[in-house]
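>>> I need the structure of the sequence given here:
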Amino acid sequence: MTALPQDGERRSWTVGVRERTARLVPAGQVLPDRQPAYVASWIYVFGVLTISALVVVIASGLVLALGGALWWHTSQLGHFVNSVHLWSVELFFATMVIHLWGTFWMAAWRGRRGLTWVTGVVAFVASIATAFTGYLTQSNFDSQWISGEAKDGINSIGVGSVFNVLNPSQMLMWHIVLLPLAIGIIATLHVLLVRRHGVVPPLDDERNEVTS
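From the prediction side, this is the model:
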């Protein structure tokens, strides 16, 4: 059995991560079984719908990755999964925009929730980039036209040599590896911050000055 570290001894990084997580989210707040009455409002539902749509996007994307580009063009099942992936993305953006605007007009950064708001906005921007690379990897005329039209714009901001929209292989890797990983990390942080500070109350609620 490994001895526990004494005071002053160097601890492992796993202990540090566990303690930092425990400080980030109070005990019992990761999956709370009770919420304030105002959470029953429909405006609070769209955040959960966004997460749910993201799960379907990732799951259908994993299935598409198993079959490959040729599969979703030549197989009826592949075409169906590709359609599920597309429409779950549409639902994801629709619910995210409603959630974003709803929380904006509610001033959701109140009560030390500024970082929570920022992570949501960053996740939205990263999602746009992910959707853009997805359109570039359709391997059809649409993707060729979109990449051709986007080339000059990307080159004009000086990143064309790093982010080459005319390279479908590079765009595919951005779409299925780098950007989804970024969204996953940001979305997880966003949810943890919501759990830490709680759901923002309505503007006319007497508890609108919650601090932490």
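>>> by contact count, what packs against the worst-scoring helix or strand of the chain on mean pLDDT?
Of all helical and strand segments in the chain, the minimum by mean pLDDT, DSSP states H and E falls on helix 13-24, at a mean of 74. Judged by 3 or more C-beta pairs under 8 Å, 6 or more residues apart in numbering; DSSP states H and E, helix 13-24 is in contact with helix 179-197. Backbone N, C-alpha and C define where each C-beta goes, glycine included.
>>> Surely F46 is in contact with F93?
No. Using C-beta atoms under 8 Å, F46 is not in contact with F93, being 11.6 Å away.
>>> and the two? which has more neighbours close in?
Set F46 next to F93 and count neighbours by other C-beta atoms under 10 Å: F46 wins out with 19 against 16.
>>> For the helix or strand hosting that one, buried residues please.
Element membership of F46, judged by DSSP states H and E, is helix 45-67. For helix 45-67, a neighbour-count test (16 or more other C-beta atoms under 10 Å) marks 46-47, 49-51, 53-54, 56-57, 60-61, 63-64, 67 as buried.
>>> any idea of the angle it forms with helix 179-197?
With axes from the mean of the first three to the mean of the last three C-alpha atoms, to 10 degrees as the basis, helix 45-67 and helix 179-197 are set at 150 degrees to each other.
>>> what mean pLDDT does helix 45-67 have?
If you average the pLDDT over helix 45-67, you get 94.
>>> Contacts for the helix or strand just after that helix, please.
As assigned by DSSP H and E, the chain's next helix or strand after helix 45-67 is helix 71-74. Applying C-beta atoms under 8 Å, 6 or more residues apart in numbering, the contact partners of helix 71-74 are 64, 78-79, 81-82, 139-140.
>>> and with 7 Å instead?
64, 78-79, 81-82 (C-beta atoms under 7 Å, 6 or more residues apart in numbering).
>>> Give the rounded mean pLDDT of it.
The model assigns helix 71-74 a mean pLDDT of 88.
>>> Could you point out the helix or strand that follows it?
Next along from helix 71-74, by DSSP H and E: helix 76-105.
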